[in-house]
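Enquirer: mind looking at a prediction? Sequence and model below.
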Amino acid sequence: MLLRMDGWLFDIWESLLKEEAAKFEQLHHKFMKEKTDHLQGLKDTVSKFEEGKERLYMRYEQQSKPTSL
């Protein structure tokens, strides 16, 4: 009877472990997708900032050129 109970407990433990592994896999997948989305958003923001900075620098360069009379 003890062996049968041990087998039954092992089956329960194995089933619970598989369920928890599946939950972890889903959460990990969701996290990685959200991480990728956030990183892309950050890259887009930095890119827009860099473009604006470049435009401002070009305007500054044009305005600071000496005018010839």
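Expert: Nice, thanks for sending it over. Numbers count the residues shown, from 1 in each chain.

Enquirer: what secondary structure does residue 66 sit in?
Expert: Three-state assignment for residue 66 (DSSP: H, G, I helix; E, B strand; the rest coil): coil.

Enquirer: quick check: the gap between residue 31 and residue 11.
Expert: Using Cβ to Cβ, to the nearest Å, residue 31 is found at 30 Å from residue 11. Backbone N, C-alpha and C define where each C-beta goes, glycine included.

Enquirer: can you pull the phi/psi pair for residue 65?
Expert: The phi/psi pair for residue 65 (degrees, to the nearest 10) reads phi -70, psi 140.

Enquirer: mind checking pLDDT for the most centrally placed residue in the chain?
Expert: Central residue of the chain (Cα atoms, centre = their mean): residue 35, 1.0 Å from the mean position. Note on residue 35: pLDDT of 97.

Enquirer: now swap in residue 26 and tell me
Expert: At residue 26, pLDDT is 98.

Enquirer: what's the helix or strand for it?
Expert: helix 2-64 (DSSP states H and E).

Enquirer: chain center to that helix, what's the gap?
Expert: 3 Å (Cα atoms, centre = their mean, to the nearest Å).

Enquirer: can you count the residues close to residue 20?
Expert: Number of residues near residue 20 (other Cβ atoms under 10 Å) recorded here: 10.

Enquirer: many thanks, we can stop here.
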